[in-house]
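Participant: Attaching a predicted model along with its sequence, questions to come.
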Amino acid sequence: MLQLSRTRTAVYLAFLVLVWGVNWPLSKYALHFTPPILFAGLRTLIGGLILIMLALPGYKKLNFQKTWPVYVISSVLNIILYYGLQTIGLGYLPAGLFSAIVFFQPVLLGFCSWLWLGEEMHAWKWLGLVAGFLGVGVISAGGFAGHLSSTGILLALGSAVSWALGTVYTKKMAARVDLIWNVALQLTIGGVFLLASGSLLERWPSIVWSGSFIWSLLFISVFVIALGWLVFFKLVGSGEASKVGAFTFLIPVIAIVCSVIFMGESVTFNLVAGFVLIIASIMLVNFKKAGASAGGAEKAAE
């Protein structure tokens, strides 16, 4: 996969963090109108179908007969387990704690990328990944009160592990499959599975098809799901997965800022302190060791 320029990388990262941050409060709002599993299935299936339409002109790149296992495995890890475990797990834990555990993913991604992708791992990067996780934990500390279910903790960890493994697997298989087809089919396969599960466990008449819900669903399906996952894997495929993962620590910050602006929530000390830790995390993860070659530094920056 071609390397992205610094400018394009910065634009893609800004877009990804913004739309995935907005997704949390927007999804919370949308869940007033729909059962959770059906909502997860609808948004992923719509996103997948949108990308299929974009990918159709290059239908020869699909090569489904040889590459279908890649699409299925990617879908199981990145969509079915990631969204499915989240949907179930939020019923067992406070949202703040659950999101903090899910955002252990960048730390797991850094370890898995070092272990299976051969990415560089040094002390500063480890320190940065841990600082980012602590930052998310500080921001989410308000959700730590109440009964802590071991089942919920395991489901949150499962969601984080599936996302990390799915990201590494997708990058490792990038040379075998077309990027757009890979994202489109894993979303579509996952969406069909989640919709089927939702149809068995939930009721379609429970969905309130109001104008605000439809607009929320379309925004999430297009920008968060279709374009968001496409941009995420484009970034991961063109640079170090662990460095892209570090920037995702900013997502809870954006989510809370949006909640403050649009949902009347207040700015807290935890938000400021967590934000400082996350900025430090990104700086440490992207720190270039002295003596690195010019070529290596350029590649790391991308």
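Facilitator: Received the coordinates, thanks.

Participant: ok, now which ones touch residue 69?
Facilitator: With contacts defined as CB atoms under 8 Å, 6 or more residues apart in numbering, residue 69 has no neighbours. Yep, even glycine has a C-beta here, placed from its N, CA and C like the rest.

Participant: Distance-wise, check it relative to residue 173.
Facilitator: Distance, residue 69 to residue 173, using CB to CB, to the nearest Å: 9 Å.

Participant: Could you do residue 10 as well?
Facilitator: As it turns out, when the distance is counted by CB to CB, residue 10 lies 26 Å from residue 173.

Participant: what's the answer for residue 128, then?
Facilitator: Residue 128 sits 27 Å away from residue 173, taking CB to CB as the criterion.

Participant: out of residue 10 and residue 173, which sits in the busier spot?
Facilitator: residue 173 (16 against 11; other CB atoms under 10 Å).

Participant: Please report phi then psi for the more buried one.
Facilitator: When quoted as degrees, to the nearest 10, the phi and psi of residue 173 stand at phi -90, psi 0.

Participant: Which positions in stretch 175-189 come out as buried?
Facilitator: Judged by neighbour count using 16 or more other CB atoms under 10 Å, the buried positions of stretch 175-189 are 177-189.

Participant: For residue 183, give me its contacts.
Facilitator: 51, 226, 229, 230, 233.

Participant: quick check, nearest of these to residue 118?
Facilitator: Distance to residue 118 across the contacts of residue 183 (CB to CB) is lowest for residue 233, with 18.6 Å.

Participant: any idea which element that closest one lies in?
Facilitator: Assessed by DSSP states H and E, residue 233 sits inside helix 228-238.

Participant: just checking, which of the buried residues of stretch 175-189 belong to helices?
Facilitator: With helices defined by DSSP state H, the entries of those inside them are 179, 180, 181, 182, 183, 184, 185, 186, 187, 188, 189.

Participant: now, among the contacts of residue 183, which is nearest to residue 24?
Facilitator: Closest approach to residue 24 among the contacts of residue 183 (CB to CB): residue 229, at 15.7 Å.

Participant: Grab the nearest non-local neighbour of that closest one.
Facilitator: Closest residue in space to residue 229, ignoring its immediate chain neighbours: residue 183 at 5.2 Å, by CB to CB, 6 or more residues apart in numbering.

Participant: Distance check, that neighbour against residue 252.
Facilitator: 24 Å.

Participant: ok, then the element right after the helix ranked longest in the chain?
Facilitator: What stands out as the longest helix in the chain, according to DSSP H, is helix 6-30. Toward the C-terminus, helix 6-30 is succeeded by helix 36-55 as the next helix or strand (DSSP H and E).

Participant: Now do the helix or strand just after that following helix against helix 36-55: the angle between them, please.
Facilitator: Following the chain from helix 36-55 toward its C-terminal end, the next helix or strand by DSSP H and E is helix 64-75. Helix 64-75 and helix 36-55 meet at an angle of 140 degrees, taking axes from the mean of the first three to the mean of the last three CA atoms, to 10 degrees as the criterion.
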